[in-house]
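S.K.: Model the following, please.
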Amino acid sequence: MAGVLNTLRLVQVGFIVRDIETTKKKWADFLGIPVPPTCDGGEFAVTQTTVEGQPAPEANCKMAFFDLENIQMELIEPNGVKSTWQDFLDEHGEGLHHLAFGAKDTSDVVLTLETRGLKCVQRGKYGDGGGEYAYFDAVDDLKCIFETLESYPKEN
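M.R.: Model (predicted):
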């Protein structure tokens, strides 16, 4: 497989919202499906979130996930602390925040993309410790923020 990410698997679209409870109900009604639960981003002891390369123990959010037939849709309500989510809300308001691609070996992906001039603006582990993510500012070249998602294999 060619390409910088070594994948063509788009797995998620993410939206930044001000009020996750209201927005997720509207989406559920629009899609004709149950309202998903809301969760938070997890504890820093697990997530080890970094923003612009610096530890960001207070950066967090509320999230809700819609698992559609072909892709996952994520709603994110930032908590007011500096993060890619809060920066987006402050600069652009609500709306489409990112496209996420499945990834393997996030550390290698980050290194590869940074050597190509793409800046990793936020990185961390899932709140349950089951994987990790990295956001990249590709607005100049690709006209968007994109994310890589690496889910770790589940142990039986």
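S.K.: going forward, measure contacts between C-alpha atoms and count neighbours the same way
M.R.: Noted.
S.K.: Buried residues in stretch 12-25, which are they?
M.R.: Across stretch 12-25, burial judged by 16 or more other C-alpha atoms under 10 Å covers 12-18, 20-21, 23-24.
S.K.: Same check on stretch 95-103?
M.R.: 96-103.
S.K.: Kindly report the same for stretch 78-90.
M.R.: Buried, per 16+ other C-alpha under 10 Å, within stretch 78-90: 78-79, 82-86, 88-89.
S.K.: again with stretch 40-51
M.R.: 41-44, 47-51.
S.K.: And for stretch 63-82?
M.R.: In stretch 63-82, counting by 16+ other C-alpha under 10 Å, buried: 63-66, 73-79, 82.
S.K.: Tell me which entries of the residues you listed lie within strands.
M.R.: Among the buried residues of stretch 63-82, the members falling in strands (DSSP state E) are 63-66, 73-78.
S.K.: Need the contact partners of the longest helix along the chain.
M.R.: In the chain, assigned by DSSP state H, the helix with the most residues is helix 20-31. Residues outside helix 20-31 that contact it (C-alpha atoms under 8 Å, 6 or more residues apart in numbering) are 17, 34-36, 38, 62-64, 75-77.
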